[in-house]
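# Have a look at this prediction, sequence included:
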Amino acid sequence: MRKSFKYKLYRSKKNRYLDRLIIFSGVIYNHCIALHKRYFKLTGKYLNPNRLKTHLTKLKKIKKYEFYRFVPSQAIQDIVERIDRGYKLFFKYQKDKSVGLRYSPPSFKKTRKYKSFTLKQAGYKLLDGNRIKIGDKMFKFSKSRDIIGAIKTVTIKRDALGDFYITFSCDNVEPQTIKPMTGKSAGFDFGLKTFLTCSDGIVEINSPLVFTSGLKEIRRANKAVSRKKIWSNSRRKAVVNLARIHKLITYKRRDFHFKLANKLVCDYDYLFFEDLNISAMKKLWGRKVSDLGFSDFLNIVGHKCSEYGKKMSTVDRFFPSTKTCNMCKNVNKSMGFKDLSNREWICPSCGVLLHRDRNAARNILEEGIRRL
């Protein structure tokens, strides 16, 4: 089992060293993108990553590119591999557009907005306690929990506030104590007003909408940024304040997702969800779908299930969970289900009054069990 451990680095003047590393990594990234675009324009293919690594190694000997030596070699290799993965996904989508999400080729990034670099076997040394040596500098981080397993990669990331985080990706991590089995299974239907509706009718979680609740403060901060002179210190402070508000909203949403996922995994052994088409939902309902973060929530639930020995599964998005009567299994095609104001409907076949979300959750449960 693979697991990541994320810690925040202490604020220090030595963090300028990491800041330079990230900026130089961004310069190398843009250089690689330029080479890829030129090669793609000439041949219609992308560069072989091994040839590109060899080329970058030769560039270090040229005076114009001697600052490449400042970046650890494994960080440069990771940049090349990251771009290679992006092009492979792009060409895979061009060949078969039924693979799922739409992929675009990797593009240029502003160096001041470039976020991270990754080290693998070399370039760092983990010391006693909460200390780590990167290059020739020693850094301290807030070690809130022990690092378990064999460290495979170490990633240094910078956020919009200028804070640095270190992430250890570890392999061979033993799962935590398996939660006791409850013998319960449940299907769940997502909604816009009600975030989650359970098939047993017990769990109905209202949508938190943390971004909408903080929209007034975000608008005020955006206006403060627009009033400031470009490149001035006051504008930089206003931008940092805006980033701080967005960061707080992200943390609130993530806290809600983790607490709800932990509760569901403790209460049920088998959890079934609908496979959502998030892109289509955003076209219909816009910002509200992004505010709810359905995809992030499903990822967290899947992680918790693997951690605690529970089972999570999704039902095909084309399964008519809302239109199917849970009692007689008749599919109602006459009702306008796209109108979300219709919260209840009567089955034309058996005459039962059905709640829209609860009926869908029960159908998801039965379909999930059938497929399982």
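Arrived safely.

# Helix or strand with the lowest mean pLDDT in this structure?
strand 344-346 (a mean of 81; mean pLDDT, DSSP states H and E).

# same for it, what does it pack against?
Judged by 3 or more Cβ pairs under 8 Å, 6 or more residues apart in numbering; DSSP states H and E, strand 344-346 is in contact with strand 353-355. For the C-beta atoms, the positions are set from N, CA and C on the backbone; glycine is no exception.

# sorry, back to before: what's next to the least confident helix or strand of the chain, contact-wise?
Around strand 344-346, the neighbours that count as contacts under Cβ atoms under 8 Å, 6 or more residues apart in numbering are Asn332, Met335, Val352, Leu353, Leu354, His355, Arg356.

# and it, which residues are buried?
Residues Trp345 are the ones in strand 344-346 that count as buried (16 or more other Cβ atoms under 10 Å).

# What strands flank it, and is each parallel or antiparallel?
Sheet partners assigned to strand 344-346 using DSSP bridges are listed as strand 353-355 (antiparallel).

# and after the strand it pairs with, which helix or strand comes next?
helix 356-371 (DSSP states H and E).

# List the buried residues of that next one.
Applying a neighbour-count criterion of 16+ other Cβ under 10 Å, one finds 356-368 buried in helix 356-371.

# pLDDT weak spots in the stretch 251-372 of the chain?
Low-confidence regions of the stretch 251-372 of the chain, defined here as pLDDT under 70, cover residues 335-339.

# what about the strands in it?
For the stretch 251-372 of the chain, the strands defined by DSSP state E, counting those that start in this stretch occupy 270-274, 311-315, 344-346, 353-355.

# quick one, which of those is nearest to Ile33?
Closest approach to Ile33 among the strands of the stretch 251-372 of the chain is made by strand 311-315 (34.8 Å; Cβ to Cβ).

# of the strands of the stretch 251-372 of the chain, which approaches Lys3 most closely?
The minimum distance between Lys3 and these falls on strand 311-315, with 17.3 Å, by Cβ to Cβ.

# How much space separates Tyr68 from Met312?
Distance, Tyr68 to Met312, using Cβ to Cβ, to the nearest Å: 44 Å.

# Could you give the separation of the least confident helix or strand of the chain from the chain centroid?
How far strand 344-346 lies from its chain's middle: 37 Å, per Cα atoms, centre = their mean, to the nearest Å.

# So what are the structural domains in the protein, by residue number?
Per the record, the chain has its domains at 3-171, 175-372, by automatic domain parsing.

# Which stretch among the strands of the stretch 251-372 of the chain is buried most, on average?
strand 270-274 (a mean of 24; mean count of other Cβ atoms under 10 Å).

# Lys247 - nearest residue in space that isn't next to it in sequence?
Distances taken as Cβ to Cβ, 6 or more residues apart in numbering put Leu161 closest to Lys247, at 6.5 Å, once the chain neighbours are dropped.

# Now do the nearest residue to Lys184 once chain neighbours are set aside: how many residues are near it, please.
Among residues not flanking Lys184 along the chain, Tyr268 sits closest, at 4.8 Å (Cβ to Cβ, 6+ apart). Counted with other Cβ atoms under 10 Å, residues neighbouring Tyr268 total 25.

# Pretty sure Tyr268 sits against Ser185.
Yes. Tyr268 is within contact range of Ser185, at 6.2 Å (criterion: Cβ atoms under 8 Å).

# what comes up buried for the longest helix along the chain?
Criterion DSSP state H: the longest helix present in the chain is helix 233-267. By 16+ other Cβ under 10 Å, the buried positions in helix 233-267 come out as 235, 238-239, 242, 249, 253, 256-257, 260-262, 264-265, 267.

# Now flag whichever of those is closest to Lys143.
Asn262 (22.9 Å).

# Need phi/psi at the residue nearest to Lys247.
When read as degrees, to the nearest 10, the backbone of Leu161 gives phi -80, psi -10.

# and Lys53, what is it in contact with?
Applying Cβ under 8 Å, 6+ apart to Lys53 gives the contacts Ile76, Gln77, Val80.

# ok, 6 Å please
Shown in contact with Lys53 (Cβ atoms under 6 Å, 6 or more residues apart in numbering): Gln77, Val80.

# Tell me which residues touch Ser207, please.
Listed by Cβ under 6 Å, 6+ apart, the contact set of Ser207 reads Phe195, Leu292.

# can you give me the helices in this protein?
For the chain, the helices defined by DSSP H occupy 15-43, 49-59, 73-95, 210-213, 215-227, 233-267, 278-285, 287-292, 294-308, 356-371.

# Kindly reformat those as a markdown table containing distance to Gly201.
Converted to a markdown table, these look like this (distance: least, Cβ to Cβ, whole Å):
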| stretch | distance to Gly201 |
| --- | --- |
| helix 15-43 | 50 |
| helix 49-59 | 53 |
| helix 73-95 | 41 |
| helix 210-213 | 26 |
| helix 215-227 | 32 |
| helix 233-267 | 14 |
| helix 278-285 | 24 |
| helix 287-292 | 21 |
| helix 294-308 | 20 |
| helix 356-371 | 6 |
